[in-house]
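Student: 3D model of this:
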Amino acid sequence: MGKLLDTIHSPADIKRFTIPQLESLAQEIRERLIFTLSRTGGHLGPNLGVVELTLAMHYVFDTPQDRFVFDVSHQAYIHKLLTGRREKMDTIRQPGGLNGFMLRTESEHDSYGAGHAGTALSAALGMAVARDMAGGKEHVIAMAGDAAFTNGISFEALNNLEQTKRLIVVLNDNEWSIDRNVGAIAKYLHKIVTNEHVSHLHGSAQRLLEKVGGKAAVNVVRRAEEAAKGLLWPSVFFEEFGLTYYGPLDGHNIGLLIETFKFLKQQDKPVILHAITQKGRGFQPALDKQKKFHGLGPYDPETGETKPAGQKTYSEVFADTLVKLANENDKLVAITAAMPNGTALDLFRPHHPKKYFDVGIAEEHAVIFAAGMATRGYRPFCAIYSTFLQRAFDPIVHDVCLQNLPVVFCMDRGGLSGDDGATHHGLFDISYLRGIPNIVHMVPKDEDELADMLYTAMLHEGPSAVRYPRGTGPGAAVKTHPKALPIGKAEVVREGDDFAIFGLGALLPMAGELADVLEQRGYSAAVINPRFVKPLDKDLIAAYAKRVTAIVTFEDHVLMGGFGSAMLEALSEMQIETPVVRIGWPDRFIEHGKVDALRARHGISVEAALEKLAPWLPTKRRLAISH
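Tutor: Next up is the predicted model:
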């Protein structure tokens, strides 16, 4: 494995290969990806689908002078293999290793970092305009999946294409984002791909390439485009925006791709190449289970089997609870932005298909769509990762909270998202939501409390948000039917008089550990489950603050503007001067890695809390002795 691949130290090395060698190299790359990711986990399916596309791009263009912009960039593993990072590939998504996405600080070949969909066209257009202004000659190539065109940002970029005269967009059409793509754009692209006239001309293009190659083959491709243009729509969709359309092409025919890229390289106009690819190509388990192999943990490289499922994740508990609530409430609806698998709404969909809506990768639209439904008496539950919901901040403020509509934001991945890194950590939602009037913000300590909070949100006559972490919780049994929680009321888990420790959500156990250590040292510490970030239980806070030496807050969130900050604000308003020790994430973007290791590195620990609490420990001990 790796005979040709192991000779590649930079993209220049593949330019001497013949087409048959490149085809062999493509097979080696697939074998390397399947083997490597079986141990590290990662985005296998998307990368298996773009091997030939990436090889052809690097064969024709020259990075880092030419700029490649990958939408989302989870499909950039082949790019990393070809740009001097081959020997580090087995470290991908591992602590201290390669990032699972494009990262500008990792390589000069990574011209633009990304982790969210819909950014490639705007970024590439910005690079192209900057090049034009500076009088540069380099090429800018944006590779975007078909799902990216359900994202509003992509259309905003298309609307401004006249800003440049030269740009190449590669439409990687595999009919999938994480789940199967939805909406009018997906249907339109499918019509082009399945048109029998287009299919016939593609066969002609391939045969002609085998005989003569070069621009003649591209002319046949152009005829295929004309067939699509005449038969499917009065004018091709993309050309209305100023992109000259070529394709659709077989995205796995490397010879045809190379000749086409050579042709497109000579064009002094914005162009789009529509390439048909197969997500998971070369690994049957990935073809059979597209959603599973979009991104996953370690697996068997022969069978694709992963470890047996254990206890239910927070996402699964969320979906199970929503099914129960929808059984008794005809007005409950569930909305996702192309993440039914990640949010577990794919478990809700079979039970209530008419109450399930996937709007594509369009978080802003999802929120406003929910607001519209809420005005008509429905109870929309928007299931969107914390890191993706921040894209819809304005609609949350303007359309939901300003109108005080009962939309529920279910924020999966609230906290660290471990191996995915900075683009996917959900560390900012408390900060960006708690300053908005009318919203109720809840954080559960366990699975059962998550169910209670979802039920509470359904009954609440206004906007609410529930944040919960990735993966499994402590394993709490979930009641047959959830109960409503009194809004703004915390739960006292353990009484104490010397210190009050507030452990928010998943960090409540850490608060208990700190209390145990303090008790061993002769101190009495209360442990409190805040439950609500907004509104805070100010009566409880005041009662404890007036009798303890210090307050400690734990949160899986940035300190700036987080729960600890809310605590300080509340005490200041009540003119209580009890000191507050805050434990949370620092004012920086957190790297990828294992959650426990990252917490230890950045001071999210009992040890760090004791160190910060040290100034008040001797004082209290002396007081205790004097009594």
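Student: pull the helix or strand with minimum mean pLDDT from this structure.
Tutor: Among the helices and strands of the chain, helix 196-211 carries the lowest confidence by mean pLDDT, DSSP states H and E, at a mean of 44.
Student: where does the closest residue to Leu459 other than its chain neighbours land on pLDDT?
Tutor: Spatial nearest neighbour of Leu459, chain neighbours left out: Ala484 (5.6 Å); criterion: C-beta to C-beta, 6 or more residues apart in numbering. Placement of C-beta: from N, CA and C, glycine included. What the model reports as pLDDT for Ala484 is 98.
Student: how much space between Ala484 and Leu44?
Tutor: Separation of Ala484 from Leu44 (C-beta to C-beta, to the nearest Å): 43 Å.
Student: Neighbour count: the two, which is higher?
Tutor: Each of Ala484 and Leu44 has its neighbours counted (other C-beta atoms under 10 Å); Leu44 has more, 27 against 13.
Student: So that one sits against Leu33, correct?
Tutor: Yes: in this structure Leu44 lies within contact range of Leu33 using C-beta atoms under 8 Å: 6.5 Å.
Student: and stretch 487-507, average pLDDT?
Tutor: Within the predicted structure, the mean pLDDT of stretch 487-507 is 97.
Student: got the end-to-end distance for it?
Tutor: With C-alpha to C-alpha, to the nearest Å as the measure, the ends of stretch 487-507 fall 21 Å from one another.
Student: Output the below-cut-off pLDDT ranges for the chain.
Tutor: Along the chain, segments meeting pLDDT under 70 span 1-2, 175-236, 290-296, 307-309, 619-627.
Student: does Gln278 really touch His252, like I thought?
Tutor: Yes: if you go by C-beta under 8 Å, Gln278 and His252 touch, sitting 6.9 Å apart.
Student: The host helix or strand of Val581 packs against which elements?
Tutor: Element membership for Val581 (DSSP states H and E) is strand 580-585. Judged by 3 or more C-beta pairs under 8 Å, 6 or more residues apart in numbering; DSSP states H and E, strand 580-585 is in contact with strand 550-558, helix 563-573, helix 606-613.
Student: Any buried residues in the longest one, and which?
Tutor: Spelled out, it's helix 563-573. Phe563, Gly564, Ser565, Ala566, Met567, Ala570, Leu571 (16 or more other C-beta atoms under 10 Å).
Student: all helices of the stretch 151-300 of the chain, in order?
Tutor: Per DSSP state H, counting those that start in this stretch, the stretch 151-300 of the chain carries helices over the ranges 152-158, 184-194, 196-211, 215-232, 254-265, 284-288.
Student: for the stretch 301-450 of the chain, that is, sorry about that
Tutor: Counting by DSSP H, counting those that start in this stretch, the helices of the stretch 301-450 of the chain are 314-328, 363-374, 386-389, 393-395, 429-434, 447-459.
Student: Ile590: neighbouring residues, count only.
Tutor: Counted with other C-beta under 10 Å, Ile590 comes out at 18.
Student: where's it relative to Arg582, distance?
Tutor: From Ile590 to Arg582 the distance is 16 Å (C-beta to C-beta).
Student: and what of Val323?
Tutor: Counting by C-beta to C-beta - Val323 and Arg582 are separated by 38 Å.
Student: In stretch 398-410, which residues are buried?
Tutor: Asp399, Val400, Cys401, Leu405, Pro406, Val407, Val408, Phe409, Cys410.
Student: actually stretch 437-451, not the one I typed
Tutor: Residues 439-451 are the ones in stretch 437-451 that count as buried (16+ other C-beta under 10 Å).
Student: Confirm for me that Met574 is in contact with Ala542.
Tutor: Yes: under the criterion of C-beta under 8 Å, Met574 makes contact with Ala542 at 5.5 Å.
Student: how far is stretch 434-447 from where the chain is centred?
Tutor: Centroid displacement of stretch 434-447 relative to its chain, using C-alpha atoms, centre = their mean, to the nearest Å, is 21 Å.
Student: Straight-line length of it, end to end?
Tutor: End-to-end distance for stretch 434-447: 23 Å, by C-alpha to C-alpha.
Student: Stretch 493-504 too?
Tutor: Stretch 493-504 has an end-to-end distance of 12 Å (C-alpha to C-alpha).
Student: what residues does it touch?
Tutor: 443, 445, 490, 508-512, 514-515, 518, 523-530, 533, 544-545, 547-557, 563, 567, 613, 616, 620, 624 (C-beta atoms under 8 Å, 6 or more residues apart in numbering).
Student: can we see that at 7 Å?
Tutor: Stretch 493-504 has contacts (C-beta atoms under 7 Å, 6 or more residues apart in numbering) with 443, 510-512, 514-515, 518, 523-530, 544, 547-555, 563, 620.
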